[in-house]
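> got a predicted structure plus its sequence, pasted below:
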Amino acid sequence: MPDASRSSYRRVVLKISGESFAKPGEFGVDPEELALIAQEIADAAATGAELAVVIGGGNIIRGAALASAGQIDQSTADYMGMLGTVINGLALREALNGLGRRARLMSAIDIPAVAEPFIRARALRHFEKGRVLILAAGTGNPFFTTDTCAALRGTELGVDILLKATKVDGVYTADPKTDPTARRYDRLTFAEAVERQLGVMDLTALTMCMERKLPVIVFDYKEKGNIRRVVSGEPLGTLITS
């Protein structure tokens, strides 16, 4: 694995939220938003990088919110959230295939009618064949976020970098929407991110990346071409390393 230099990457995990599939403030899968994110991912894959996409499901269902209401046990709510990611994965797979970019949907829970099970050797074979991997259902276990899934799959697949796509252009000292003095970091260490409680990722994911020396870039995916740029090594967002 290369160090955290901003050169083009051979193999990456891209973490995108369920919000990528919906209009701002809305739920579900919006055709226009789906087309936009699929095109951005297809353009990034055209660089030649091997690309695995870990997707969230917040546009379909928010398991944490259901659990906090007290009517549904968190384990059940988390499984419901995993199913939401599968819905998004199906939509993204079809959109990518429609663009001529071959894609395969792999799920951490067994749903053989709609997705392949996640098997590391099979995933690596898909990379060899030039396919985009879409990884759904998180880790397959409750109480783990899709950020943790991205860290886990990145480690398993031996990626060079974990790319966390967000709606802001990096990690800030404070919320830039509410604090005009907030300053963006160009680089951080994992220890600094934890110590300063910057909310980059959940602590399980951050600790795994730190232990496995898997660098993370937090960047704004909403600007056209940014996914391709960051995969190509252009200096976007905030780079977090050991």
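Looks like it arrived, so ask away.

> so Val171 touches Thr238, yeah?
Yes. Assessed by Cβ atoms under 8 Å, Val171 is found in contact with Thr238 at 4.1 Å. C-beta: built from backbone N, CA, C; applies to glycine.

> now the lowest-mean-pLDDT helix or strand in the chain: buried residues?
The helix or strand of the chain with the poorest confidence is helix 63-68; it has a mean of 80 (mean pLDDT, DSSP states H and E). Using 16 or more other Cβ atoms under 10 Å as the test for burial, helix 63-68 gives 63, 66-67.

> circling back to that earlier point, more neighbours: which of Val171 and Thr238?
Taking other Cβ atoms under 10 Å, Val171 and Thr238 do not tie; Val171 has more neighbours (26 against 23).

> run through the residues that contact the more buried one.
Residues in contact with Val171 (Cβ atoms under 8 Å, 6 or more residues apart in numbering) are 184-185, 188, 193, 198, 200, 218, 237-238, 240.

> can you read off the backbone torsions of it?
phi -100, psi 130 (degrees, to the nearest 10).

> next one: the one 10 residues further on
Thr181 has phi and psi values of phi -90, psi 0 when expressed as degrees, to the nearest 10.

> how about Ile87?
phi -60, psi -50.

> hmm, it is touching Gly56, no?
No. Look at Ile87 against Gly56 with Cβ under 8 Å: they stay out of range, at 11.3 Å.

> out of those two, which sits in the busier spot?
More crowded of Ile87 and Gly56, by other Cβ under 10 Å: Gly56, with 25 against 20.

> for that one, give me its contacts.
Here Gly56 is in contact with 15-19, 85, 88, 146 (Cβ under 8 Å, 6+ apart).

> sorry, back to before: elements contacting the least confident helix or strand of the chain?
helix 74-98 (3 or more Cβ pairs under 8 Å, 6 or more residues apart in numbering; DSSP states H and E).

> what's the offset of the helix it packs on from the middle of its chain?
13 Å (Cα atoms, centre = their mean, to the nearest Å).

> quick one: buried residues of that helix?
77-93, 95-96.

> kindly report the same for stretch 203-213.
Neighbour-count burial for stretch 203-213 [16+ other Cβ under 10 Å]: 204-206, 208-210.

> which residues in this structure form helices?
31-45, 63-68, 74-98, 120-128, 146-157, 190-195, 203-212, 226-231 (DSSP state H).

> okay, those helices in TSV with distance to Ala137 next?
Listed next are the helices of the chain as TSV, based on distance: least, Cβ to Cβ, whole Å:
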stretch	distance to Ala137
helix 31-45	19
helix 63-68	12
helix 74-98	4
helix 120-128	14
helix 146-157	8
helix 190-195	26
helix 203-212	16
helix 226-231	22
